[in-house]
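Student: predicted model and sequence follow; I will ask about them next.
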Amino acid sequence: MRHRNAGRKFDRNTSSRRAMLRNLAANLILHERLETTDAKAKELRRVAEKLITKARRLGEVAYTPQAQLSSVDRARRLAASRLIAAYVPRFGVRAESSGETKRVDLVEKVLLDLAKRFAQRPGGYTRIVKFGPRRGDNAPISLIEFVEEDRGGSSLTAPTATGTAGVVKQPAVVAAVADPSEPAKID
């Protein structure tokens with residue numbers, strides 16, 4: 001029986017599984033989207049959303065400049081940043097379109113960028129779009145990405161008279177996948 005056994009094992013020991021999820025979470029934060037198998041994407045969603053929720057629960061303390069914070073708020077922010085840094089590597093390196101590399105502080109990106117972006121969102125910060133089987137081994141492949149906040153409209157169509165919502169529109173995902181430089185492929 002699998003009662004109270006949450007999470008997937010991926011046929012790996014604990015340290016290998018944790019390292020894989022740490023690296024997937026770091027790449028998701030760095031690139032904001034990546035392509036991987038369905039099972040890894042579903043497990044990564046659990047990890048990434050917990051990290052963002054830790055930062056989001058700080059409120060405005062997460063993205064207020066350090067000099068403007070009280071000593072209590074500085075301590076709260078430091079504690080949250082240490083919890084995030086305990087799981088995600090501190091820095092990530094991203095190749096820019098010009099060919100140069102850029103070093104990104106992942107913990108600060110979660111606190112400053114993602115916490116501010118999802119401040120009004122109660123959860124569900126990621127989206128998984130299924131692509132189909134991978135050519136080599138027939139593994140089901142998915143794209144996991146952060147959802148974009150409303151830019152003048154909702155992602156759902158307006159409710160009908162019966163109260164049911166319309167179909168979810170995702171034209172941005174198709175356009176993003178067509179770009180060969182995006183998304184980062186992680187297996």
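Tutor: Cool, the structure landed. Owing to the predicted nature of the structure, the values given are computational and were not obtained by experimental measurement. Numbering: from 1, shown residues only.
Student: tell me where this protein has strands.
Tutor: Assigned by DSSP state E, the strands in the chain fall at 33-37, 91-95, 101-105, 126-133, 140-146, 184-185.
Student: okay, the angle between the fourth one and strand 140-146?
Tutor: So that's strand 126-133. Put simply, strand 126-133 runs at 160 degrees to strand 140-146, going by axes from the mean of the first three to the mean of the last three C-alpha atoms, to 10 degrees.
Student: from the contact counts, what lies against strand 126-133?
Tutor: helix 38-56, strand 140-146 (3 or more C-beta pairs under 8 Å, 6 or more residues apart in numbering; DSSP states H and E). All C-beta atoms are positioned from the backbone trio N, CA, C, and that covers glycine.
Student: those: which one's closest to Arg2?
Tutor: Closest approach to Arg2 among the helices and strands packed on strand 126-133 (C-beta to C-beta): helix 38-56, 15.1 Å.
Student: make TSV out of the strands of the chain and add mean pLDDT, mean neighbour count and distance to Arg74.
Tutor: Formatted as TSV, the strands of the chain follow (pLDDT from 0 to 100; neighbours: other C-beta atoms under 10 Å; distance: least, C-beta to C-beta, whole Å):
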stretch	mean pLDDT	mean neighbour count	distance to Arg74
strand 33-37	94	21	32
strand 91-95	93	13	22
strand 101-105	94	12	18
strand 126-133	95	14	29
strand 140-146	96	20	27
strand 184-185	69	14	34
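Student: make CSV out of the ones you listed and add distance to Met1.
Tutor: Shown next, in CSV, are the strands of the chain (distance: least, C-beta to C-beta, whole Å):
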stretch, distance to Met1
strand 33-37, 26
strand 91-95, 40
strand 101-105, 44
strand 126-133, 28
strand 140-146, 26
strand 184-185, 36
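Student: which among those is found nearest to Gly59?
Tutor: Closest of the strands of the chain to Gly59 is strand 140-146, at 19.6 Å (criterion: C-beta to C-beta).
Student: neighbouring strands - and their directions - for that closest one?
Tutor: Next to strand 140-146 in the sheet, as set by DSSP bridges, lie strand 33-37 (antiparallel), strand 126-133 (antiparallel).
Student: those helices in this structure, which residues are they?
Tutor: 14-31, 38-56, 71-85, 106-108, 115-117, 171-178 (DSSP state H).
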